[in-house]
Each structure stands twice: as structure tokens, then as C-alpha cells.
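J.: Have a look; sequence and predicted model below, questions after that.
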Amino acid sequence: MPLFVIERSFAEQLELTGADVRLIESVNADAGVQWLFSFLTADRRKTYCLYEAPSPDAIRAAAEHARLPADAVIEVERVSPGAFR
């Protein structure tokens, strides 16, 4: 499944509860996307989330349904240091 990084600029208000996470996971499952993990910038202004999804449109649809911003959706490939040895 393709990997995508999603940039979101709502981090300052980021206070997710367990119920919020379950709702996001349910919406994502309905759209066929999976949230793998996220990074929060040190200044708490942005999050960068790694997702598996069939397409950028699926991510945008899930974000819209969950009322989350998706400022940028970028397809990425995994590269690890071992690949260069």
C-alpha cells in the first residue's frame, strides 16, 4: 500500500482523547486508510503524519470527514540506511 506524509497545521489545539482517536481510526477504516504515526514539531505548530492509503484522495476524504486539516498530502517511499550498504 502506498505511504503518504500529511502536513497538518492544527497542532497548537491538539489535545486528542481516546474517543477522538477511536473516531479517527473508524473514519480512516471507512476510507481505507491507516494512520501509522505522527510527529509534532517542537514549536507545536504542525504535525506530520505517516499514513498508508490507496490514494491521496482517500486521505483527503477521511480528513474532511473527521474534520481534520490536511494541508499537504505527499506520497513517499520508505528508505532506510541499510539500503545504501
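T.: Great, that's in hand.

J.: How is L36 assigned, secondary-structure-wise?
T.: Classification of L36 using DSSP: H, G, I helix; E, B strand; the rest coil returns strand.

J.: I figured it hits E52, correct?
T.: Yes - contact between L36 and E52 holds when scored by Cβ atoms under 8 Å: they sit 6.4 Å apart. The C-beta positions use only the backbone N, C-alpha and C, and glycine is treated the same way.

J.: which stretches of this structure form helices?
T.: Remark: helices of the chain, listed N- to C-terminal, are 18-31, 56-65; assignment by DSSP state H.

J.: ok and the shortest one relative to helix 18-31, angle-wise?
T.: If I follow you right, that is helix 56-65. Between the axes of helix 56-65 and helix 18-31, defined by axes from the mean of the first three to the mean of the last three Cα atoms, to 10 degrees, the angle is 140 degrees.

J.: Going by contacts, tell me the helices and strands next to helix 56-65.
T.: strand 3-8, helix 18-31, strand 72-76 (3 or more Cβ pairs under 8 Å, 6 or more residues apart in numbering; DSSP states H and E).

J.: If we use 6 Å, what do you get?
T.: Secondary structure elements in contact with helix 56-65, counted by 3 or more Cβ pairs under 6 Å, 6 or more residues apart in numbering; DSSP states H and E, are helix 18-31.

J.: hang on, the earlier thing: L36 and E52: which is more packed in?
T.: Counted by other Cβ atoms under 10 Å, L36 and E52 do not tie: E52 has more neighbours, with 15 against 10.

J.: What pLDDT is listed against that one?
T.: E52 is assigned a predicted lDDT (pLDDT) of 97.

J.: Pretty sure it sits against M1.
T.: Yes - look at E52 against M1 with Cβ atoms under 6 Å: they come within range, at 4.3 Å.
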